Every structure is written in C-alpha cells, then in structure tokens.
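>>> missing the sequence, but the structure's below:
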C-alpha cells in the first residue's frame, strides 16, 4: 500500500473522510463499551435520545455548545498558524478569574459592568496564552507549555476561592460571593443557555473566518502556518503572527470563561465545576472543522452532544464521566490518522 | 541530620522512579524520531492493568502484573505507531489523543477496581535502613544499559540513525518504519512499567488519576536531559527531590498549599525555558517529529 498525493483535494473528499473517521471512532468506542460491560447500542441511544430527542437535553447541548464554539473558533485559526494551543482550559479559567474579579470588586455603573466583565475575561485568557507565545520564542514547545499552564490555572482558581476571594456569606464550601445582578447574563427562559454569549460565539466564529480568508493578517497567518520558509523569505514575522494568534485564541477562550461564570454560576467556583474539559474538547471542534472557524458552528454542537451525553451516561447508566475523554481521544486520533486520505490517493499495488 | 539526607534521597528516588522509567521509554522513541506525548495515558493503562492482575486473587503473580502493564502500555502505543508511522499523522496531536484515550479508558475500566485491596504489594528492599523499591533498582540499571545500547552497540547506532537521518538509514538498508514502530512500542511498554510501579509499589492501590501529571513531567524531562539516559537519572532525581520538598514544606509554612501543587508545573516551564535558552533543543534528534516518506528530500 502506498499513498499518491492528489494535486487538488476536493472539499467533498475532506467531508467524506471526516465522516468516515468519526464512524470508525464510534465503532472503536463501542468496543471499549463492550469491554466495560454495557451495550454500545444502549450507550448511543441514551446519548442521542437524551440530548436531541428531549427539550431539556437540547438546552443542555446548547449550554455546552457556547464555550466550545468560542474556544474552537479561536483554536481553528491557531492550528492554521501551526500554533498548537492545548491550553484552552487554562485560558478559559483565567477568563473566568478576570471576569469574576471585575464583577465582584470593581465598582461600575450597571450598564457598563457586563461589557467590562467580558472585556476583562478576554484580557485574562489572552494574557495566559501570551505566556506560551513568549516561551515559544525560547524554543519551548507550546503544547507542553499551554498544558502546564492549565494545571497552574487550576491551582490559581483554587487558591483564590479558598483564600482571598472566599465568600463572606459562604460556610464550609469554597467559592466566592455571588455576582451583583448587573453582572448576570440573561438566559433563554427555563434553561441555562445564556444567549448573549451564544451570539458572541457566532459573531466570533464568523468574524475569525473573515479575518482568516479575507484580511491581510489572515493571509500572513496562513503563509506562516503552511510554509514557514516562504514566510521568512517574504519578510513575514512569525513571532508577531504567533503573538496575535495567541491573543485571539486565548481571548476567545477567556470570553467563554466570562460567559460561564456570568451566565451560569454567577460566582467563581472550583475549576472542575466551571469547565467540563471544554478546552480539550474544543481541540476536536477545531480539528473537525479543519481549521475553519465558521465550520465550528456545526462541529461545536456535535461535540456539545458528546459532553451533554456524557452527563446522561453518568446519571442513567452510572458510567464515570471519563467516558467523555475516551470519546474525545478516539475521535481525535481517528481524525488526524485519516488526514492522509484527504490529501492522497491509496494505491494497493506494491510496485513503485 | 543524616536521617534527613537519607529520607530526602529515598523519597526523591521513589517519586523519581516512574519519571525515570517513562523518560527512558520516551528517550528510546524520540531517538528514533517519534515524539509521543501520550505518556500520561500509557502510564494510566499500565497502572490499571498491573492492578487488575495483582488484585485478581491472593496468589496473583506480580511478574504477570508487570507484564500486563507492559502489554497495556505497548498496545496503546501501537495506536500511535499506526497513526504516526504508517499514516504519517501529526505526532504531537496523536500523542495528545493517546493521553486522553489512556486516562479516559483507565478511569472508565478501572471504576470497578476502586477501593479494592491489592493482595500482593511489591516488597521494598531494606539495605540497613535504606529502603528502595526493586523498580527503582531496575530503572537505574536500565538507564545504564540504555546508555550503553545507544552509544556503543550497532543496533543502538541504527536506532539513532533513524532519528537523525532516516533517508540515509534507508539507503543503507535499514527499515525505517519497522525501527520506529519497535521504538514506539518499547516506549509504551516502559511507560506501562512506570504505571505498574505506581499501582504495585508506590501507592499500592488503584484510584482514577493516580498518575497525577507525572507522565507530562516525564515528557518535559526528556528535553531537559537532552535525550541522554544517564542524565535522565539525575533529572528524575532532581524532580523527585522537588516533590519531596513540596511534601515536606506543605503544612509547615505560611505558603498556601496551592503554590505547592502548582510548583512542579511551574518548574517544568522554567526548566524548558532554560533548556531552550541554553540551546539544548539543538541536541534533539534531527528528524524528531517528522514522518519519513521515502523519496522526499
């Protein structure tokens, strides 16, 4: 078996290969479920009927889609620039920290408070990603640095809610006081879908798609990502592109963090409660979308179904939430392993 | 005074053992040109497999438990080998997927083992008050053996050539793909043993997330020690000592505990930045992270 490069791979081929790889991933996961001792059919029907076939479930999918869309759209352009930011989790948490700090401690007239909460959230996430971009200049691989920064962000959140920011009227638990009403986002009635953040996510996804495909910066970003040698020859500064990319992706993740605390929790609380691994799941959202921020409008809800479905598996089938990591990991592996079939034709003869 | 020094050394060796085992495994596959960031996942499935075999009954065989851990780690690594060597997938992202699959599958399949007793713990050796695990001794010997293998034997040279210049190795008749696959499997098996140490000796129990980020630190350690097995001994001892300090200082100081839990990760960043500034990345195998395609360049 060998691969023969295709000169111009079609979008249809990419779509088909993506669907096939997701199908293979679901089969592999089914094997693991058999090994665990539950019927894969039961797992998949529970996940699908509980999320898509039920209005409460649908709202849960929507709630999880919001952070996935924001982080995924940002990561899509990061991957296009070959900046492998795995730190969406940490950047989301720093966004939540900055947003909570603003909501709790900065006196501000009501109408400007919410915008300020979001701006500060973006600043927090952006700065956290900037550390990785800076370290990259010292040849530190950003996959490792952003990952370490995730762990550090978790410790920072725990420190704040157990220490200096611990709520006055809270006993025993560790979280902050509630935000003032002016810093709470409206939701779709009866759900936890904080629609202003959802709109923001749609705007960010479309805006980043425009930036990537129509702007000069987007062009520079694609050149730096696809052909670093040519970029250097053309005088494009890879370091400058990485800095901006880090600010954008981290900022988008920070917005997601601000949305979670202002829209759902109304306080800063433990890292594991703010995020269900959105940062990692968003990697798959961006990869499924093949680096197109706008396509995250489709792939984010798909992964939203898996996260909401994981909750259902925990409740209905008493499975550990870790099942979501298995889904994510297997889908991610199948996606990247199938990439070769997008760009190449397979020839089965051994003769060269 | 002597006691404190001995205690520090014992503790540093103990925490350093899984780091060293996993780091040696990563050195093998990286010297062949393949990065595998999935160490945390391979360690987790290794720990689970070892615990599952060792808790099966009072006469469970510990050798079999370690063997199961090696198989589990290598099986997960095989996915990485197929994806990156055969299908030329991005090695970094594939490793990340492996970490997710490994920790996820271990947490999922390990649920029924939570809180179960371990019938046989691997007994520590006590040399006149100096308590050491057989795993530690094995890891140290392995480091020496690997240094010899890489630097003084022909197969070791072949392995390195595949990581430095796969095209040249190919011309000389080396099957680049086969060497890389074997190296990835060996790396997985060693990560599995690192997990077995945690489950059978260090913690002697099973709990979800018992690898606690050690796998990631092992990955960073490879860069810090410049892909050299003997330096890996010192590097893992150094990080083991930091863990000991963290354990000693916690509770006895006005510093909040979160500072200590974040410390290993901050240190990894500092260490990687220092290695980067010193130009240590220059020691990296030249073809590291790049799939080999015959006839290209």
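On my side now, so go ahead. Keep in mind that what you see is a predicted model, and the values were worked out from it rather than measured.

>>> now the strands for the stretch 51-200 of chain B?
Remark: strands assigned in the stretch 51-200 of chain B by DSSP state E, counting those that start in this stretch are B:125-127, B:130-132.

>>> repeat that for the stretch 1-150 of chain A.
In the stretch 1-150 of chain A, the strands defined using DSSP E, counting those that start in this stretch lie at A:2-5.

>>> which one of the strands of the stretch 51-200 of chain B lies nearest to chain A?
When the strands of the stretch 51-200 of chain B are ranked by proximity to chain A, the top entry is strand B:130-132, at 29.3 Å, counting by Cβ to the nearest Cβ. In short, each C-beta sits where N, CA and C put it, glycine included.

>>> state the paired neighbours of that closest one in the sheet, together with their directions.
Paired with strand B:130-132 in the same sheet, following DSSP bridges, are strand B:125-127 (antiparallel).

>>> any idea how far the partner strand is from the chain center?
The chain centre lies 25 Å from the centre of strand B:125-127; the measure is Cα atoms, centre = their mean, to the nearest Å.

>>> next one: stretch A:145-160
With Cα atoms, centre = their mean as the basis, the distance from the averaged C-alpha position of stretch A:145-160 to the chain average is 17 Å.

>>> swap in stretch B:262-271?
Relative to its chain's centre, stretch B:262-271 lies at 18 Å (Cα atoms, centre = their mean).

>>> so residue A:261 is in contact with residue A:267, correct?
Yes - assessed by Cβ atoms under 8 Å, residue A:261 is found in contact with residue A:267 at 6.9 Å.

>>> what touches both of the two?
Taking Cβ atoms under 8 Å, 6 or more residues apart in numbering or on different chains as the criterion, residue A:261 and residue A:267 both touch A:100, A:179.

>>> with neighbour numbers in mind, choose between these two.
Between residue A:261 and residue A:267, counting by other Cβ atoms under 10 Å in any protein chain shown, residue A:261 is the more crowded of the two (29 against 20).

>>> so the more buried one, which of the three states?
For residue A:261, the assignment made with DSSP: H, G, I helix; E, B strand; the rest coil gives helix.

>>> name the nearest residue to it, sequence neighbours excluded.
Nearest-residue entry for residue A:261: residue A:96, 4.7 Å, with adjacent residues in sequence omitted and distances by Cβ to Cβ, 6 or more residues apart in numbering or on different chains.

>>> give me the neighbour count for that neighbour.
Applying other Cβ under 10 Å, we find 30 residues neighbouring residue A:96.

>>> that one touches residue A:268, doesn't it?
Yes - counting by Cβ under 8 Å, residue A:268 is a contact partner of residue A:96 at 6.2 Å.

>>> joint contacts of those two?
A:157, A:261, A:274.

>>> save the residues you listed as JSON lines, and put in distance to residue A:247 and pLDDT too.
Below are the shared contacts of residue A:96 and residue A:268 laid out as JSON lines (distance: Cβ to Cβ, whole Å; pLDDT from 0 to 100):
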{"residue": "A:157", "distance to residue A:247": "21", "pLDDT": "96"}
{"residue": "A:261", "distance to residue A:247": "21", "pLDDT": "97"}
{"residue": "A:274", "distance to residue A:247": "22", "pLDDT": "95"}
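
>>> looking at those residues, which is nearest residue A:195?
residue A:261 (16.1 Å; Cβ to Cβ).

>>> contact partners for the closest one?
Residue A:261 makes contact with A:96, A:99-100, A:103, A:179, A:267-268, A:274, according to Cβ under 8 Å, 6+ apart.

>>> do the longest helix along chain B and chain A meet?
Longest helix of chain B, by residue count under DSSP state H: helix B:2-31. No - using Cβ under 8 Å from any Cβ of the partner chain, helix B:2-31 never reaches chain A; the gap is at least 12.3 Å.
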